[in-house]
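K.L.:
dropping the sequence and predicted coords here.
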Amino acid sequence: MEKFSQKTVLILAGLMFLISQSFGLPVKVNDNENEELSIDEMLRRANENFDSNIASESNDQDVYLTEYDIALTKEQYEALHNTDPQKRTVALKDENYRWADKTVKYTIDSSKFTADIVKMIENGMAEISHFSCVKFRQAVASDGYQIKIFNGTGCWSYVGEVKPVQEMSFGPGCNDHGIMVHELLHALGIHHEQTRPDRDSFVTINFENMNEDRKVNFKLYDNTYVNTFGLPYDYRSIMHYGKTAFSNNGKDTITTKDSAYQDVIGNRKGMSFFDVRTLNAMYKCTTHCTIKDADCPNNGFVGKDCKCWCPLPTDDYPIEYCSADDKTKYGSLKFVPK
Ligand SMILES: [Zn+2]
């Protein structure tokens, strides 16, 4: 009897599957459909319906996007599309575009977000603060420059501190820890890894696999405008797009020169070792320390607590204390979300 029931259940399940297929009904195969997407694939989907004319929350000015998620003012957008290469720049090396007191002031329009999403945004901020001296705090009336985080169309941010009240959008499709960290890093002044001046030594851009109007997304910023702080090109960066970004035919647009990294690019799990180092260098997190990066072993650097932090080759988390003593004394450097 039991055997018969099992068989019946199997046959029925099979029949239901066939029926659902022939009638085109959805068959749920994977609860975590987004899990496998690279950072650029997720941004492309979320930003599909973006419209420059209605993107600003207050509708007071147009917002333009480049590279999927970098917001530009009208002036920046026009400069980017200028045929004169000298005028074609939007990148910001100037320290004036860093946040004063290493502190980002922000408001979150919590009436338009669920509590879970507010928590996710705060966890993005917490990861950045965990690994650097950058702090985030809610803006008060007397604050000047600040970020207004709202539930708009798509996920996007300006690069650096550029406007008195600059918007950051987390719309539908942006509910992901990695996306939030990525946009927050833009706001702190970090560009995409694949637009670094030395990009062409580490990846090949296959322009033949994209439409003409997409090529602008792969323009290079030169050293006059971006600072790489002498740090190596980083395939693992959360600011590096995946292999098919801006493709018009599904073929790869980015090929890593070291083929071992072809499926590594596009990370959206969290900050890489060199993302952390870049941010620490950019915000001068260790000027109070007496030891220097050169004193640290194994490509380590001085962290905000004036201890040597070393790379940890694991997907789980990127950094550990270099010395066994510090590991025993201070434990793990892993970021644990709230
Ligand atoms: Zn981006």
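P.N.:
Everything's here; your move.
K.L.:
CA atoms for contacts and neighbours, from now on please.
P.N.:
Noted.
K.L.:
now residue 106: phi and psi?
P.N.:
Main-chain dihedrals, residue 106, degrees, to the nearest 10: phi -150, psi 160.
K.L.:
for it, what are its contacts?
P.N.:
136, 137, 138, 139, 146, 147, 148, 149 (C-alpha atoms under 8 Å, 6 or more residues apart in numbering).
K.L.:
if you set the cut-off to 7 Å instead, what comes out?
P.N.:
137, 138, 139, 146, 147, 148 (C-alpha atoms under 7 Å, 6 or more residues apart in numbering).
K.L.:
same deal with residue 181?
P.N.:
If you count contacts by C-alpha under 7 Å, 6+ apart, residue 181 has them with 124, 125, 270.
K.L.:
and the buried ones among the residues you listed, selectable in ChimeraX?
P.N.:
What follows is the ChimeraX syntax selecting those of those that are buried according to 16 or more other C-alpha atoms under 10 Å:
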select :124,125,270
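K.L.:
cross the contacts of residue 181 against helices and list the overlap.
P.N.:
124, 125 (DSSP state H).
K.L.:
still on that earlier bit, buried among the contacts of residue 106? Need that as a selection in ChimeraX.
P.N.:
In ChimeraX syntax, the buried subset of the contacts of residue 106 is picked out as below (16+ other C-alpha under 10 Å):
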select :139,146,147,148
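K.L.:
dump the contacts of residue 106 into TSV; add pLDDT as well.
P.N.:
Shown next, in TSV, are the contacts of residue 106 (pLDDT from 0 to 100):
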residue	pLDDT
137	97
138	97
139	96
146	94
147	96
148	95
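K.L.:
and the contacts of residue 106 as CSV, adding distance to residue 242 and secondary structure?
P.N.:
Formatted as CSV, the contacts of residue 106 follow (distance: C-alpha to C-alpha, whole Å; DSSP: H, G, I helix; E, B strand; the rest coil):
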residue, distance to residue 242, secondary structure
137, 32, strand
138, 33, strand
139, 34, coil
146, 30, strand
147, 27, strand
148, 28, strand
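K.L.:
and of the contacts of residue 181, the nearest to residue 317?
P.N.:
Comparing the contacts of residue 181 against residue 317 with C-alpha to C-alpha picks out residue 270 as the nearest, at 8.1 Å.
K.L.:
tell me how far the residue nearest to residue 327 when sequence neighbours are not counted lies from residue 328.
P.N.:
The shortest distance from residue 327 to any non-neighbouring residue, by C-alpha to C-alpha, 6 or more residues apart in numbering, is to residue 321 (5.6 Å). Distance of residue 321 to residue 328, computed by C-alpha to C-alpha, to the nearest Å: 9 Å.
K.L.:
compare those two (neighbour count), which wins?
P.N.:
A direct count of neighbours by other C-alpha atoms under 10 Å for residue 321 and residue 328 places residue 321 higher, at 24 against 10.
K.L.:
please enumerate the strands of the stretch 1-150 of the chain.
P.N.:
Using DSSP state E, counting those that start in this stretch, the strands found in the stretch 1-150 of the chain span residues 64-66, 70-72, 103-108, 135-138, 146-150.
K.L.:
strand partners of the third one, parallel vs antiparallel please.
P.N.:
Okay, so that is strand 103-108. For strand 103-108, sheet partners with direction are given as strand 135-138 (parallel), strand 146-150 (parallel), following DSSP bridges.
K.L.:
centre of the chain to the longest one, how far?
P.N.:
Read it as strand 146-150. 17 Å (C-alpha atoms, centre = their mean, to the nearest Å).
K.L.:
kindly state the beta-bridge partners for the spatially closest residue to residue 296 that is not a sequence neighbour.
P.N.:
Spatial nearest neighbour of residue 296, chain neighbours left out: residue 308 (5.5 Å); criterion: C-alpha to C-alpha, 6+ apart. Applying DSSP bridges to residue 308 yields these beta-bridge partners: residue 302.
K.L.:
output the below-cut-off pLDDT ranges for the stretch 151-300 of the chain.
P.N.:
Applying pLDDT under 70 to the stretch 151-300 of the chain picks out no residues at all.
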